[in-house]
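# What follows is a protein structure lacking sequence information:
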């Protein structure tokens, strides 16, 4: 697989990563089976994927435990990115950015992942009660201690971005950029993770260029639109109650039907390349810059291999123009 170098720390990774969240969090819990997820991780590594993106809150904790089991003697084949900063309760998620917690969280992640070093340690969300500089300073200490190779920051969630859009002229990532500017004064940011896809291109406004200008890698979360851009979802099919798509405004039957022209456009391009709509969607994300690495999430071997092969697809100027002319997605968090 094509390799990409991201961040000031010159992190070398495969052009397409693997988002591990669906294996233990947020999507279709009845299909979350550890044995299948183990095979999926190995299939992705065999296909040239190196960047495995997880977090201590996925499960919570179970996804890191699974990766620790999956990697074993293959640790050298993987680039492990995990996150801290969010605590999961019975019915809620809260931020914790206290330095002492960050140190304990890192040690716990190292144990679960069965590794001596985390390649990329990301702040999942800043704690509004703690200056982000204090949290980032504690994370920087982990780099100096040899427990972490590089640091990353996750963009603010969709609800925060939606609030910002109520301000005339505001970009949905303005608050994230302000956070980045603050933490950069403490220790270099190597990567930023934020949603980016054909149906959620907002990051191309300010955040993506901001990262490129500073040599910061961009990890594209949800590059397949939570499965919609694969063309495998049917309007009105319904989702399990604990699946995030059951509450997402873009996954109502009406809005899914209204957004079918997006999938149809991707499928037309895919047919020309003997590819799939998902591969076209990932190739579009890859075309946004050499510092961009999409993180398609899956718990199935088949999709992990298909996604990895998208790195071989080169979209033409005609393809990109067609995608640019597709109608914008109806309804969103923004």
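Perfect, thanks for sending it. These numbers were taken from a predicted model, which means no experiment stands behind them.

# ok, the residue nearest to residue 266 when sequence neighbours are not counted - how many residues close by?
Once flanking residues are discounted, residue 266 sits nearest to residue 277: 3.9 Å by CB to CB, 6 or more residues apart in numbering. C-beta coordinates here come from the backbone N, C-alpha and C atoms, glycine included. Neighbourhood size, residue 277 [other CB atoms under 10 Å]: 24.

# show me where pLDDT drops low in the protein?
Under the criterion pLDDT under 70, the flagged ranges of the chain are 25-33, 157-169, 332-334.

# ok, now which ones touch the most centrally placed residue in the chain?
Centroid check for the chain by CA atoms, centre = their mean gives residue 221 as the closest residue, at 2.7 Å. Contacts for residue 221 were tallied using CB atoms under 8 Å, 6 or more residues apart in numbering; they are 19, 193, 194, 195, 196, 295.

# Look up phi and psi at it.
phi -80, psi 150 (degrees, to the nearest 10).

# Sticking with the nearest residue to residue 177 once chain neighbours are set aside, tell me its helix or strand.
Once flanking residues are discounted, residue 177 sits nearest to residue 210: 5.7 Å by CB to CB, 6+ apart. Using DSSP states H and E, residue 210 sits in helix 207-213.

# Pull out the buried positions in that helix.
Using 16 or more other CB atoms under 10 Å as the test for burial, helix 207-213 gives 207, 208, 210, 211, 212.

# Same question for stretch 289-300.
Quick answer for stretch 289-300 (16+ other CB under 10 Å): 289, 291, 292, 293, 294, 295, 296, 297, 298, 299, 300.

# As a markdown table, those with secondary structure and distance to residue 248 would be great.
Below are the buried residues of stretch 289-300 laid out as a markdown table (DSSP: H, G, I helix; E, B strand; the rest coil; distance: CB to CB, whole Å):
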| residue | secondary structure | distance to residue 248 |
| --- | --- | --- |
| 289 | coil | 27 |
| 291 | coil | 28 |
| 292 | strand | 24 |
| 293 | strand | 24 |
| 294 | strand | 20 |
| 295 | strand | 18 |
| 296 | coil | 17 |
| 297 | strand | 15 |
| 298 | coil | 18 |
| 299 | coil | 19 |
| 300 | coil | 21 |
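
# Now these in TSV, please, with extra columns for distance to residue 65.
Formatted as TSV, those follow (distance: CB to CB, whole Å):
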residue	distance to residue 65
289	34
291	31
292	30
293	24
294	25
295	20
296	22
297	18
298	19
299	15
300	20
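
# so which of the residues you listed comes closest to residue 251?
residue 297 (15.5 Å; CB to CB).

# From residue 188, how far off is the closest one?
Noted for residue 297: a distance of 27 Å to residue 188, by CB to CB, to the nearest Å.

# Ok, residue 318 next?
39 Å.

# got the end-to-end distance for stretch 215-232?
Using CA to CA, to the nearest Å, the end-to-end distance of stretch 215-232 comes out at 36 Å.

# Can you give me the buried ones in that stretch?
Those would be 215-231, for stretch 215-232 by 16+ other CB under 10 Å.

# so of those, which ones are in strands?
Among the buried residues of stretch 215-232, the members falling in strands (DSSP state E) are 217, 218, 219, 220, 221.

# Tell me the bridge partners for the first one.
The one in question is residue 217. Note on residue 217: beta-bridge partners residue 191, judged by DSSP bridges.

# That one contacts residue 193, correct?
No - applying CB atoms under 8 Å as the test, residue 217 and residue 193 come out as separate, 9.2 Å apart.

# Please enumerate the shared neighbours of these two.
Joint contacts of residue 217 and residue 193 (CB under 8 Å, 6+ apart) are residue 152.

# Show the residue spans covered by the helices in this protein.
Secondary structure of the chain, counting by DSSP state H: helices at 34-46, 62-71, 99-113, 132-144, 158-164, 174-184, 207-213, 253-258, 260-273, 277-286, 301-309, 317-325.

# Let's have these in a markdown table, adding distance to residue 84.
Listed next are the helices of the chain as a markdown table, based on distance: least, CB to CB, whole Å:
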| stretch | distance to residue 84 |
| --- | --- |
| helix 34-46 | 21 |
| helix 62-71 | 11 |
| helix 99-113 | 4 |
| helix 132-144 | 8 |
| helix 158-164 | 19 |
| helix 174-184 | 14 |
| helix 207-213 | 21 |
| helix 253-258 | 34 |
| helix 260-273 | 35 |
| helix 277-286 | 26 |
| helix 301-309 | 25 |
| helix 317-325 | 36 |
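
# Those: which one's closest to residue 241?
Per CB to CB, nearest to residue 241 of the helices of the chain: helix 253-258, 16.3 Å.

# how about that closest one: buried residues?
So, applying 16+ other CB under 10 Å, buried residues of helix 253-258: 255, 256, 258.

# possible to save the residues you listed as TSV with distance to residue 80?
Formatted as TSV, those follow (distance: CB to CB, whole Å):
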residue	distance to residue 80
255	36
256	34
258	39
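
# Can you give the contact residues for stretch 118-130?
11, 55, 57, 79-86, 95-98, 106, 109-110, 132, 135-136, 139, 142-143, 147-154, 156-157, 179, 190-191, 193.
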